[in-house]
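Engineer: sequence and predicted structure, then a few things I'm wondering about:
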Amino acid sequence: MIKCENLTYAYPASEEEQAVKIKNVFENLNLKIEKGSFTAVLGHNGCGKSTLAKHFNAILLPTGGKVYVAGMDTSRYEYLFDIRKNAGMVFQNPDNQIVAAIVEDEVAFAPENLGVEPSEIRRRVDDVLKIVGMSDYTTASTAGLSGGQKQRVAIASILAMEPECIILDEPTAMLDPQGRKEVISTVKMLNEKKHITVILITHYMDEATQADRVIVMQKGDIIMDDVPKKVFSRVDELKALGLDVPQVTELTHMLKDYGYNLPDDIIDIDECANELIKFLK
Amino acid sequence: MFKDITIGQYISGDSFLHKMDARVKIILTFAVIILLFMISDPIPYAVFIAFAVFLVFLSKIPPLYVLKGLRPMVFIIVFTVIINLFLTPGETLWQQKIFFDWSIKITYEGVRMGILMFLRLTLLVGVTSLLTLTTSPIMLTDGIENILKPLEIIKVPAHEIAMMMSIAIRFIPTLAEETDKIIKAQTARGADFDSGNIIMRAKAMIPLLVPLFVSAFRRADELATAMDARCYHGGKNRTRMKQAKMCARDYIAVGTIIVFAAALLLMQYLI
């Protein structure tokens, strides 16, 4: 679905910065995202995860190497709208990405830009609002929604383009626990039921456990890339990077340190409870 | 403190006026205003007032609400009436000598002009507020876009104007909430917004306005990226989900206004 080949990128430097040598955000980064997968990208602030995401729908263009989305080179202008239509992006702040004052107008915004027929737009709007569970709010004002509802509308407005891939750039960072749950279960459902490729950028570990692949980034490099169980079993390495592990993983890890014999790839609460019960018996 | 702002004071409803096409409403409002300035005799005015009352009744909006819209205009109306009352030359009705040769006087023409101005301004505000009371801001901007559309031939950026207006409307509650937050944050740091003379109070606004502007620019930047991500590229080749369509109701309204205008102009100029 998405392929990075020797991706190199440096932010355009201002004049005083040009005197010092500009550091590249990425140098020769290679990455391939499979169609239909659910990938979580973890990493510290400033590790380049948002910058990477912006390459996936041609908001940023590589200064070296290539990025292909569904086989289309992002640096070719003639593919621009096809790429953005194929790889929709949801941003962090729900307030700053909503264009319209009414929910249905917001969802209609993207297909209107693409020049879709009015009756078809209507059908898509009703469809995607049903998918994200916001049908009851079709004519509501966007200002009155909760954070989680706003993000679900934002997801719906991307879905209205009928993309094959959705990139979510820390979509839950500004939400309360309830809103986070709403958004993540919606994303999970889209991946499982609608087979949409999901790239979730986050710094919540329990969200990353939902994915089927976790990428950990550090200073523009991919340092871990595996299934969640394998990545989170490397507790000490993650801690050394200043990242957390899911609470249950941390618990079993500490118990192991005390000499209890538990598996070290537990990332799920139910799984952890079962293992502990088995152990206590 | 800013949460209750409602721009244009739209009141939702399902009356004849609410259901009318926004384009038709805007154009007819303009027509009625022009008509208002073409008449000046008592009989056409009486008919006009009756018609305005009928419109308020038709909109199902509490008449008191329409009158409330006049409140910000009271000063201008009173000022205009006084100026006209005292400064129109003509047949003197009442005169008061103040000193030497200088005196104030009220003329017959002045009284007539004063009453005319009073009615004109009151009706003007009343009729236009009916437009904003029965049309939501979004319908209004859509209507304006549709009306300006033909002007795109002479390079009027109709779509861009409407887009800017609708984004501005969309961000009013967001920025109002933010202003509230900044006021609280600055008050917690000891800022004082409510005391001192007018200059001190204006100065106290600086720590409020600077962060507000910075954040507004940041928001604008992020919104632009989000719009880019959804393939926004101006009004070219853009379709709309909601197609404005004129229906029987709108033709009836246009017909009524034409008959009404013709009748009033006949009364004014022929009788």
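Structural biologist: Looks like it arrived, so ask away.

Engineer: when you work out contacts or count neighbours from here on, use the C-alpha atoms and nothing else.
Structural biologist: Noted.

Engineer: next up, the contacts around the single nearest residue of the stretch 151-281 of chain A relative to chain B.
Structural biologist: Residue of the stretch 151-281 of chain A nearest chain B, by Cα to the nearest Cα: residue A:158 (7.1 Å). Contact criterion Cα atoms under 8 Å, 6 or more residues apart in numbering or on different chains gives A:88, A:89, A:90, A:107, A:110, A:166, B:230 as the residues in contact with residue A:158.

Engineer: again, 6 Å this time
Structural biologist: With contacts taken as Cα atoms under 6 Å, 6 or more residues apart in numbering or on different chains, residue A:158 has the following neighbours: residue A:88.

Engineer: which residues sit against the longest helix along chain A?
Structural biologist: For chain A, the helix with the greatest residue count under DSSP state H is helix A:177-193. Around helix A:177-193, the neighbours that count as contacts under Cα under 6 Å, 6+ apart are A:148, A:172.

Engineer: a strand runs through residue B:104, doesn't it?
Structural biologist: Yes. Residue B:104 sits within a strand when classified using DSSP: H, G, I helix; E, B strand; the rest coil.

Engineer: next to chain B, which bits of the stretch 101-250 of chain A? Give me the list.
Structural biologist: Selection of the stretch 101-250 of chain A residues close to chain B by Cα under 6 Å from any Cα of the partner chain yields A:101, A:110, A:112, A:113, A:115, A:118, A:121.

Engineer: now secondary structure too, for the residues you listed, in TSV please.
Structural biologist: Listed next are these as TSV, based on three-state DSSP:
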residue	secondary structure
A:101	coil
A:110	helix
A:112	helix
A:113	helix
A:115	coil
A:118	helix
A:121	helix
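
Engineer: farthest pair in these?
Structural biologist: In terms of Cα to Cα, these reach their longest pairwise distance at A:101 and A:115, which sit 20.7 Å apart.

Engineer: the more surrounded of those two?
Structural biologist: Neighbours per residue (other Cα atoms under 10 Å in any protein chain shown) separate residue A:101 from residue A:115, with residue A:101 holding more: 24 against 16.

Engineer: is it true that the more buried one touches residue B:170?
Structural biologist: Yes. Assessed by Cα atoms under 6 Å, residue A:101 is found in contact with residue B:170 at 4.8 Å.

Engineer: one step back: list the buried residues of the longest helix of chain A.
Structural biologist: Taking 16 or more other Cα atoms under 10 Å in any protein chain shown as the basis for neighbour counts, the residues of helix A:177-193 that come out buried are A:179, A:180, A:182, A:183, A:184, A:186, A:187, A:188, A:190, A:191.

Engineer: for stretch B:10-20, same thing?
Structural biologist: B:10, B:11, B:17, B:18, B:19, B:20.

Engineer: again, but for stretch A:253-272
Structural biologist: When neighbours are counted by 16+ other Cα under 10 Å, the buried residues of stretch A:253-272 are found to be A:253, A:262, A:264, A:265, A:266, A:267, A:268, A:272.

Engineer: of these, which belong to strands?
Structural biologist: Counting by DSSP state E, none of the members of those fall within strands.

Engineer: out of those residues, which sit inside helices?
Structural biologist: Cross-referencing the buried residues of stretch A:253-272 with the helices (criterion: DSSP H) gives A:253, A:272 as the overlap.

Engineer: follow-up on the earlier one: by neighbours, which of the residues of the stretch 101-250 of chain A next to chain B wins?
Structural biologist: Comparing these by number of neighbours (other Cα under 10 Å), residue A:110 comes first, having 26 neighbours.

Engineer: wait, that one touches residue B:230, no?
Structural biologist: Yes. Under the contact definition of Cα under 6 Å, residue A:110 touches residue B:230, with a separation of 5.1 Å.

Engineer: what's in contact with stretch B:240-259?
Structural biologist: By Cα under 6 Å, 6+ apart, the list of residues contacting stretch B:240-259 from outside reads A:112, A:118, A:121, B:20.

Engineer: stretch A:88-107 too?
Structural biologist: When contacts are taken as Cα under 6 Å, 6+ apart, the neighbours of stretch A:88-107 outside the stretch itself are A:125, A:138-142, A:150-151, A:157-158, A:166-171, B:170, B:219, B:222-223, B:226.

Engineer: now those residues: which count as buried?
Structural biologist: Burial by neighbour count, 16+ other Cα under 10 Å: within these this picks out A:125, A:138, A:141-142, A:150-151, A:157-158, A:166-171, B:170, B:219, B:222-223, B:226.

Engineer: so where's chain B shaky on pLDDT?
Structural biologist: Counting by pLDDT under 70, chain B contains low-confidence residues at B:1-9.

Engineer: which residue ranges make up the domains of chain B?
Structural biologist: When chain B is parsed into structural domains using automatic domain parsing, the resulting residue ranges are B:1-135+B:245-271, B:158-238.

Engineer: next one: the longest one to chain centre, how far?
Structural biologist: Put simply, domain B:1-135+B:245-271 sits 12 Å off its chain's centre (Cα atoms, centre = their mean, to the nearest Å).

Engineer: same check, this time on the shortest one
Structural biologist: Here domain B:158-238 is found 22 Å from its chain centre; the criterion is Cα atoms, centre = their mean.
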